[in-house]
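S.K.: here's a sequence, model it:
(one chain, ligands or ions: 1)
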Amino acid sequence: MLNQSTIATARSGLETGKITATELTQACLDQITAIDPTYHAYLSVHAERALAAAGEADNLMRRGITHQDRPLLGIPISLKDNMAVQGAPLTCASRILENFVSPYDGTVAKRLKDAGAILLGRLNLDEFAMGSSTENSAFGTSRNPWDPSRTPGGSSGGSAVAVKTDQCVAALGSDTGGSIRQPAAYCGCVGLKPSYGRVSRFGLVAYASSLDQIGPVTKTVQDSATLLNVIAGHDPQDSTSVPQGVPDYTEALEEGVKGLRIGLPKEYFVEGLDPEVRSAVDQAVTQFSELGAEIVEIQLPHSDYAIATYYLIATAEASANLARFEGIRYGHRVDGDDPFTLNSRTRGQGFGPEVKRRVILGTYCLSSGYYDAYYLRAQKVRTLIREDFLRAYEKVDLVLTPTTPSPAFLLGEKMADPLQMYLLDIFTISANLTGNCGISLPCGLTKDPLLPIGLQLLGKPFDESTLLRAAHTFEQANQWHLKRPPLQASD
Ligand code: GLN
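M.R.: Now for the predicted structure:
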């Protein structure tokens, strides 16, 4: 099954001439045809274009171009549908952008193409990346590979589903409050949120600009490092991308965790944590200690305020960012006799209920009279949370937590109660508020039903190397990443 390849195995297959890029691409396309009607990872698939690019990659390899020159040559990769790819739909899973086609390549798309990757299609998400279940997509939810009656998580649900069901070799997602790590945890993939400023956001449709980051969703930690090598780095088009050199993230992977200090925040191991999640994470802690790491208890005293802080800042930024969808410059338009009517009709019809809720919440907390009480105060608490982490990182190299309080929930279970949905983000949002990097990787399975459990490691800003090294060491000692869901072919 060629489509089960990782980036690493695909590269060696291509290099030794055992497989061609065309065969590999076709295998992924065949898998999409066979199972995606059930799992709905893709919003659009660009088969013809992908096969043409694969043919070109095969030609280049015949002419002696190697992975040394182009690290992703011939590898099929798919992008969440909120990242611009020239000539491809860019819907953000919203009616308001239903027929919008991107006129340009965002930086990550350009870097992937320059590295020789084959872009297969556009992956499903919660509308404008707002959500934790993919149920807010205007084009239907994605489904969990382990149990299609459950959520794959969100907002990058399509990315995690496509990777876990081998409908692409690797994918990119975006993470504003956990949207790469949480679906990775629910589906059993590896999801990396790079440090804020590590990867260019140029061409990523903005949800909350001070929190958004693009990152890899992959089958292994090594693939995550390979993909980060390609997408990381300064970009003059994004003034928040940091002009700091990019190390080779694959280099330190094998160095082990001996002597590494790993912090356990006592605020994260409290009531409400699912017992099976807790025991899998406890076992991971024991294992890290057996592998030579030093486990240290730490405190992150402002953790209780993280959700409130995040949902004020994220919605405030969203309300400003989404003002651009006014029916004139982009996408869907519903005419009206005057600009106000046109604008309100377009937005009224174009946005789904969760997006509207957030625009209203964000506008409210930015409005005069409330600004100081909500937005400004949230910014101050954000600083306190950042200081908690800075203090913790004086004592430790990494922080270890569960990725989510519980495994994947049933579709529909939390839709009626947005607050319940927001509370699930408790362990992931702090890394966005602080700019730290974070990774989720599989660390176990619940028994009945069989569902993946995610382990989260949080690293210092721009210390992805240590994060990836520790994650790789754990992965190789356990092999949880190799567990496969029992997939259902579509009728
Ligand atoms: N669940 C969070 C939210 O709805 C995170 C989303 C994300 O990271 N894009 O805002």
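
S.K.: the ligand versus Leu120, what's the distance?
M.R.: The gap separating Leu120 from the ligand is 22 Å, by C-beta to the nearest ligand atom, to the nearest Å. (Glycine included, C-beta is placed from N, CA and C.)

S.K.: was I right about that residue contacting Pro76?
M.R.: Yes: Leu120 is within contact range of Pro76, at 4.9 Å (criterion: C-beta atoms under 8 Å).

S.K.: any shared contact partners between the two?
M.R.: Common neighbours of Leu120 and Pro76, counting by C-beta atoms under 8 Å, 6 or more residues apart in numbering, are 25, 28, 50, 168.

S.K.: just the terminal-to-terminal distance for stretch 345-357.
M.R.: Here the two ends of stretch 345-357 are set 16 Å apart, with distance taken as C-alpha to C-alpha, to the nearest Å.

S.K.: check whether that stretch comes into contact with the ligand.
M.R.: No: against the ligand, stretch 345-357 shows no contacts by C-beta under 6 Å from any ligand atom, the least distance being 8.0 Å.

S.K.: buried sites along that stretch?
M.R.: Residues of stretch 345-357 classed as buried: 346-347, 350-352, 354-355 (neighbour count, 16 or more other C-beta atoms under 10 Å).

S.K.: likewise for stretch 449-465?
M.R.: 451-465.

S.K.: how about stretch 17-27?
M.R.: For stretch 17-27, by 16+ other C-beta under 10 Å, it's 19-27.

S.K.: same list, these, but as JSON lines with distance to Ala306 please.
M.R.: Shown next, in JSON lines, are those (distance: C-beta to C-beta, whole Å):
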{"residue": "Ile19", "distance to Ala306": "46"}
{"residue": "Thr20", "distance to Ala306": "48"}
{"residue": "Ala21", "distance to Ala306": "44"}
{"residue": "Thr22", "distance to Ala306": "47"}
{"residue": "Glu23", "distance to Ala306": "47"}
{"residue": "Leu24", "distance to Ala306": "42"}
{"residue": "Thr25", "distance to Ala306": "42"}
{"residue": "Gln26", "distance to Ala306": "45"}
{"residue": "Ala27", "distance to Ala306": "42"}
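
S.K.: of those residues, just say which sits nearest to the ligand.
M.R.: Thr25 (28.7 Å; C-beta to the nearest ligand atom).

S.K.: next one: the helix-or-strand element of the chain with minimal mean pLDDT to chain centre, how far?
M.R.: Across the helices and strands of the chain, mean pLDDT, DSSP states H and E gives its lowest value to helix 418-423, namely a mean of 91. Relative to its parent chain, helix 418-423 has a centroid offset of 19 Å by C-alpha atoms, centre = their mean, to the nearest Å.

S.K.: starting at the chain centroid, how far to the helix or strand following that helix?
M.R.: Following helix 418-423 in sequence order, the next helix or strand is helix 429-434 (DSSP states H and E). Put simply, helix 429-434 sits 14 Å off its chain's centre (C-alpha atoms, centre = their mean).

S.K.: and what of stretch 22-33?
M.R.: Here stretch 22-33 is found 23 Å from its chain centre; the criterion is C-alpha atoms, centre = their mean.

S.K.: any idea of the mean pLDDT in that stretch?
M.R.: Stretch 22-33 shows a mean pLDDT of 98.

S.K.: and what of stretch 197-206?
M.R.: Per-residue scores along stretch 197-206 average to 98.

S.K.: returning to what we had before: just the buried residues of stretch 345-357 now: which is nearest the ligand?
M.R.: Checking the buried residues of stretch 345-357 against the ligand with C-beta to the nearest ligand atom, the nearest one is Glu354 at 8.0 Å.

S.K.: for the stretch 201-350 of the chain, which residues are neighbours of the ligand?
M.R.: For the stretch 201-350 of the chain, the contact set with the ligand under C-beta under 6 Å from any ligand atom comprises 207, 314.
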